[in-house]
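Peer 1: Sharing a sequence plus its predicted fold:
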Amino acid sequence: MRAVASRPHMPGYGVAEPDEGKGLLSWTWAQRRLEKAHNYWIATSRSDGRPHLMPVWGVWLDHAFYFSTGAKSRKARNLRAEPRCAISTERGDEAVIVEGVAARLRPSAIPAGFAPAYKKKYGWDMSGNEEPVYRVRPEKAFAFIEHGDNFLKTATRWKFRK
């Protein structure tokens, strides 16, 4: 998967339109924040279109976000009906937002590294987990650094190509 960076179109914010990529953040920068975050936010849609936003624990592994939630939770019910979602790291001043489609994984499709990474990060043993595990692969992502006037210089959008 290849991340292609560009400046996002943000009318009214003073973000420069195509500016030869000066100040764009690297996808490596974004991935480090996705790996290190402790809490994430997931935005899903209810069947009537109303948004639902909740914090989750998860791990960034093999270029995707993995998390678990109860099979009967609002998140799981929303994702069954509409798998498109957005994931964000906990920090707003160095924001990373990923848009993608959540896929509920069969137990045999869960990467071997998921449970060890989850246990290392949260101290929670997921090896016997019976609740669904989801994978969100990025389709688009957005990030910026808020400090000072960096927002205008660092606002970056990535589109992903195989």
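Peer 2: All right, it came through fine.

Peer 1: where along the protein do the strands fall?
Peer 2: Taking DSSP state E as the criterion, the chain carries its strands at 2-6, 40-45, 51-56, 59-61, 64-68, 84-89, 94-105, 133-145, 156-161.

Peer 1: Which positions within the shortest one qualify as buried?
Peer 2: When neighbours are counted by 16 or more other CB atoms under 10 Å, the buried residues of strand 59-61 are found to be 59-61. C-beta: built from backbone N, CA, C; applies to glycine.

Peer 1: helices and strands around the lowest-mean-pLDDT helix or strand in the chain, which ones?
Peer 2: For the chain, counting by mean pLDDT, DSSP states H and E, helix 150-154 ranks last in confidence among helices and strands (a mean of 81). Judged by 3 or more CB pairs under 8 Å, 6 or more residues apart in numbering; DSSP states H and E, the packing partners of helix 150-154 are strand 133-145.

Peer 1: Now with 10 Å, please.
Peer 2: Packing partners of helix 150-154 (3 or more CB pairs under 10 Å, 6 or more residues apart in numbering; DSSP states H and E): strand 94-105, strand 133-145.

Peer 1: Can you lay out those strands as CSV showing mean neighbour count, distance to residue 160 and mean pLDDT?
Peer 2: Putting those into CSV (neighbours: other CB atoms under 10 Å; distance: least, CB to CB, whole Å; pLDDT from 0 to 100) gives the following:
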stretch, mean neighbour count, distance to residue 160, mean pLDDT
strand 94-105, 19, 9, 98
strand 133-145, 21, 5, 97
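
Peer 1: Any idea how far apart the tips of stretch 144-162 sit?
Peer 2: Stretch 144-162 has an end-to-end distance of 24 Å (CA to CA, to the nearest Å).

Peer 1: should've said stretch 123-135
Peer 2: One end of stretch 123-135 sits 20 Å from the other (CA to CA).
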